[in-house]
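Colleague: 3D model of this:
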Amino acid sequence: AEVVSRFLQWVASCGLTEALADGSALLIAHGGWDLGDQLPIEAARKQLALPAWLGSRTYSDLKVLFALEYSGASSTSLRGM
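Modeller: Prediction:
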């Protein structure tokens with residue numbers, strides 16, 4: 001709960017809450033597991049309310065974007081990018 005609260009405060013301090021809510025800004029993740037799978041599961045388990053913009057599938061996966069742009073790349077790891 002503390003980490004989510006601190007993250008939401010940081011987002012607000014950067015002036016991004018409204019932009020994330022209206023879709024004019026986007027979270028970027030390196031892989032979908034953390035934000036797309038684990039965060040919603042953990043939030044439900046701990047009964048934490050998440051803003052809709054932090055919910056499942058509201059981010060862009062850097063691995064997917066990289067693979068689309070560089071189809072010949074042998075790896076989508078951070079080191080391989």
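
Colleague: going forward, measure contacts between C-alpha atoms and count neighbours the same way
Modeller: Fine.

Colleague: Give the full set of residues in contact with the closest residue to residue 30 other than its chain neighbours.
Modeller: Nearest non-adjacent residue to residue 30, counting by Cα to Cα, 6 or more residues apart in numbering: residue 62, 5.0 Å away. With contact taken as Cα atoms under 8 Å, 6 or more residues apart in numbering, residue 62 is in contact with 28-31.

Colleague: Please list only the buried members of the residues you listed.
Modeller: 29-30 (16 or more other Cα atoms under 10 Å).

Colleague: most residues in a single helix of the chain, which one?
Modeller: helix 2-13 (DSSP state H).

Colleague: Give me the distance from that one to the chain's centre.
Modeller: Its chain's C-alpha centre and that of helix 2-13 lie 14 Å apart, by Cα atoms, centre = their mean, to the nearest Å.

Colleague: and it, which residues are buried?
Modeller: In helix 2-13, counting by 16+ other Cα under 10 Å, buried: residue 8.

Colleague: Show me the contact partners of that helix.
Modeller: Under Cα under 8 Å, 6+ apart, the answer for helix 2-13 is residue 17.

Colleague: following that helix, which helix or strand shows up next?
Modeller: As assigned by DSSP states H and E, the chain's next helix or strand after helix 2-13 is helix 17-22.

Colleague: Dump that following helix to CSV, keeping only the CA atoms.
Modeller: Provided in CSV are the C-alpha atoms of helix 17-22 (Å, rounded to 0.1, in the frame of the first residue of the first chain):
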residue,chain,number,x,y,z
THR,A,17,-2.4,12.3,-13.1
GLU,A,18,-4.9,14.1,-15.5
ALA,A,19,-2.8,13.2,-18.6
LEU,A,20,-2.7,9.5,-17.6
ALA,A,21,-6.5,9.6,-16.8
ASP,A,22,-7.4,11.1,-20.1
